[in-house]
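Novice: Quick one, structure for this:
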Amino acid sequence: MVSGTMALALLVAAVVAIVLLTGKVKVNAFLVLIGVAFVFGLAIGMPALDVVGKIKTGFGGTLTNIGIVIVAGTIMGTILEKTGAALSMTQAILKLVGKKRAPLAMNAAGYVVSVPVFCDSGFVILNPLNKALAKETGTSMAVMAVALATGLYATHTMVPPTPGPIAAAGALGADLGRVILIGLIAAIPATLAGLFWATKVAKRYKIEADVEESYSDIIKKYGKLPNTFLSFLPIVLPIVLILLKSLAEFPSKPFGEAGFQTFIRFIGDPVTALILGVLASLFLVKKGELGKAVNEWMGQGIKDSAIILVITAAGGSFGAIIAASPIVEFLKTSMSGLSLGVFLPFVIAAALKTAQGSSTVAIVTTASIMAPMMATMGLDPALAVVAIGAGSMVVSHANDSYFWVVSQFSGMSVQTAYKAYSSATAVEGIVAAAVVGILSLFM
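Specialist: This is a model prediction of the structure:
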């Protein structure tokens, strides 16, 4: 094989190729990652049959670890969207903080809703309500849009069961319970940083809400919204179960070493926990619609998860090739004296995100690059996953589909969206990384 220095140079070239092909040429990320894995493996001098073997084991191993979890999480998010549960959760938050604090309410709603629902879908679902509140309270739509968008973005990139963080956790071997806990903690100041930016910077841009329905009309259109407790249950239940599993595996063995501990580890396994979350979401389905939910809605969730699964698994293939390259030994000798810590995965993810636009591709690619370095650098896998998620927010601009969802649905011009929204994603990503950095001092 080539030297470690040459392998690292080829890896940089591979990353540039990923950015150009996915960002500029718009080639599907699955094809790019698999193609780059083949080319990189052959370029470093790995035997051809070994290249094929590593690609297959990397692909299959990734799906073994997180495939069911991603599918179940996507199905759950689809059901929450179709049943109006996302609006029910938002309404509960509105009642708690009041319409006068509408930006805070929508910011908090975004934080909650985007745990199971994709951020772009969450924005589309909540946008009519966001507009109605902007009109009713006399708040600029720029403020409301940035508040909602940044709330959605924080948990989307850092908190499982969103597919990106799950994929990174699988690649780095991180305990999912710890990733959820750290992600939820880091996402709070990140979300609030977005809210601060919305109320202090975005308020300079006066945008009238183009409203077709009032707040009352929107609620009436859905008829009776699902029960608040049942709306939150599919999100809260899996998170609590996964956290309990992590607690059960502490060295102190708080639940003993058999019997009850085994039961907790079973129901707290991410696969079991997410399946239970899907079952809990069926309590939201109205009478007479259960067949539709099981056939159509779940089918849609499975279809939506397919592209995420193949991109994530392709990232696993690329990671397997990197792990078998001379880069690992080279890093062990050349980077052992550096103290970049969790900021290295943040910087890599931020560079990839800014360059090619997709947070998911940035997360998967960064996790693939970092996997062989983890032991050498002595990084906590859970902290690294959240740091990668923080980097994948920096920065959302014209090459990101979410940028266009936020700007077009809120009536912001491209120039205004850059000033009000893109800048906000940079701020919240940096704040999240700072929180992770602080946590790394104590964990």
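Novice: Closest to the geometric centre of the chain, which residue is that? Let me know.
Specialist: Thr157 (2.8 Å; Cα atoms, centre = their mean).
Novice: Next up, identify which helix or strand that one is on.
Specialist: helix 141-158 (DSSP states H and E).
Novice: Show me what that helix is packed against.
Specialist: On a contact count with 3 or more Cβ pairs under 8 Å, 6 or more residues apart in numbering; DSSP states H and E, helix 141-158 meets helix 102-113, helix 119-137, helix 163-172, helix 176-200, helix 359-370, helix 381-391, helix 401-410, helix 423-440. Any C-beta I mention is one placed from the backbone N, CA and C, and that applies to glycine too.
Novice: dump the residue contacts of Val36.
Specialist: By Cβ atoms under 8 Å, 6 or more residues apart in numbering, the residues touching Val36 are 14, 17-18, 318.
Novice: quick one, phi/psi of Lys56?
Specialist: Dihedral pair for Lys56: phi -70, psi -40, per degrees, to the nearest 10.
Novice: Val386 is in contact with Val179, isn't it?
Specialist: Yes. At 6.6 Å, Val386 counts as touching Val179 under the criterion of Cβ atoms under 8 Å.
Novice: Tell me the residues that contact both of the two, please.
Specialist: Joint contacts of Val386 and Val179 (Cβ under 8 Å, 6+ apart) are Pro165.
Novice: With neighbour numbers in mind, choose between those two.
Specialist: Taking neighbours as other Cβ atoms under 10 Å, Val386 and Val179 compare with Val386 leading, 36 against 27.
Novice: Distance check, the more buried one against Tyr153.
Specialist: 14 Å (Cβ to Cβ, to the nearest Å).
Novice: just Leu80 next, same as before
Specialist: Leu80 sits 18 Å away from Tyr153, going by Cβ to Cβ.
Novice: For Lys353, which non-adjacent residue is closest in space?
Specialist: Ala362 (4.0 Å; Cβ to Cβ, 6 or more residues apart in numbering).
Novice: Count the neighbours of that neighbour for me.
Specialist: 30.
Novice: I'd guessed it sits against Ala349; true?
Specialist: Yes. Taking contacts as Cβ under 8 Å, Ala362 lies within contact range of Ala349: 5.0 Å.
Novice: Quick check: neighbours shared by these two?
Specialist: 388, 391-392.
Novice: where does the nearest residue to Thr425 once chain neighbours are set aside land in three-state SS?
Specialist: Nearest residue to Thr425, sequence neighbours excluded (Cβ to Cβ, 6+ apart): Ser396, at 4.3 Å. What DSSP: H, G, I helix; E, B strand; the rest coil gives for Ser396 is coil.
Novice: got the phi/psi numbers for Ser396?
Specialist: phi -80, psi 120.
Novice: Which pLDDT value does the model give Thr360?
Specialist: We have a pLDDT of 85 for Thr360.
Novice: And the contacts of stretch 250-264?
Specialist: Residues contacting stretch 250-264 (Cβ under 8 Å, 6+ apart): 244-245, 247-248.
Novice: actually stretch 124-135, not the one I wrote
Specialist: 81, 86-87, 90, 94, 99, 102, 105-106, 109-110, 113, 117, 139-141, 143-145, 148, 208-215, 217-218, 405, 409-410.
Novice: Identify each buried residue in that stretch, please.
Specialist: Buried residues in stretch 124-135, counted by 16 or more other Cβ atoms under 10 Å: 125-135.
Novice: any weak-confidence spans in this structure?
Specialist: Residues of the chain that meet the criterion pLDDT under 70 lie in 211-215, 218-219, 221-223, 328, 331-339.
Novice: picking up where we left off before, between the helix holding Thr157 and helix 423-440, how big is the angle?
Specialist: If you take axes from the mean of the first three to the mean of the last three Cα atoms, to 10 degrees, helix 141-158 sits at 40 degrees to helix 423-440.
Novice: got the angle between helix 141-158 and helix 401-410?
Specialist: Orientation of helix 141-158 against helix 401-410 (the same axes, to 10 degrees) gives an angle of 150 degrees.
Novice: Could you tell me which residues make contact with Ala417?
Specialist: By Cβ under 8 Å, 6+ apart, Ala417 lies in contact with 403, 406-407.
Novice: give me that answer again for 6 Å
Specialist: By Cβ atoms under 6 Å, 6 or more residues apart in numbering, the residues touching Ala417 are Ser407.
Novice: now swap in Leu383 and tell me
Specialist: 342, 436, 440.
Novice: how about the first one, what does it touch?
Specialist: Meaning Val342. Listed by Cβ under 6 Å, 6+ apart, the contact partners of Val342 are 383-384, 387, 436, 440.
Novice: List the backbone torsions phi and psi for it.
Specialist: The phi/psi pair for Val342 (degrees, to the nearest 10) is phi -70, psi -10.
Novice: how much space between it and Ala102?
Specialist: 35 Å.
Novice: And the helix or strand hosting Leu94, what does it pack against?
Specialist: For Leu94, the host element (DSSP H and E) is helix 85-97. Contact partners of helix 85-97 among helices and strands, from 3 or more Cβ pairs under 6 Å, 6 or more residues apart in numbering; DSSP states H and E: helix 102-113, helix 228-248.
Novice: so how far is the shortest one from its chain's centroid?
Specialist: Read it as helix 102-113. 17 Å (Cα atoms, centre = their mean, to the nearest Å).
Novice: What residues sit buried inside it?
Specialist: Neighbour count says helix 102-113 has 102-113 buried, by 16+ other Cβ under 10 Å.
Novice: I'd like the residues you listed written out as CSV, with distance to Ile66 added.
Specialist: Supplementary listing: the buried residues of helix 102-113 in CSV, determined by distance: Cβ to Cβ, whole Å:
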residue, distance to Ile66
Ala102, 37
Pro103, 35
Leu104, 34
Ala105, 33
Met106, 31
Asn107, 29
Ala108, 28
Ala109, 27
Gly110, 24
Tyr111, 23
Val112, 23
Val113, 22
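Novice: nearest to Thr199, of these?
Specialist: Nearest to Thr199 among the buried residues of helix 102-113, counting by Cβ to Cβ, is Pro103 at 5.9 Å.
Novice: where's the closest residue to the closest one other than its chain neighbours relative to Ile348, distance?
Specialist: Distance criterion Cβ to Cβ, 6+ apart; nearest residue to Pro103, sequence neighbours excluded, is Ala147 at 4.0 Å. Distance, Ala147 to Ile348, using Cβ to Cβ: 29 Å.
Novice: out of those two, which sits in the more crowded spot?
Specialist: Legend: neighbour count by other Cβ under 10 Å for Ala147 and Ile348, higher for Ala147 (30 against 20).
Novice: Now do the same contact list for that one.
Specialist: With Cβ under 6 Å, 6+ apart, Ala147 has these contacts: 103, 106-107, 195, 198.
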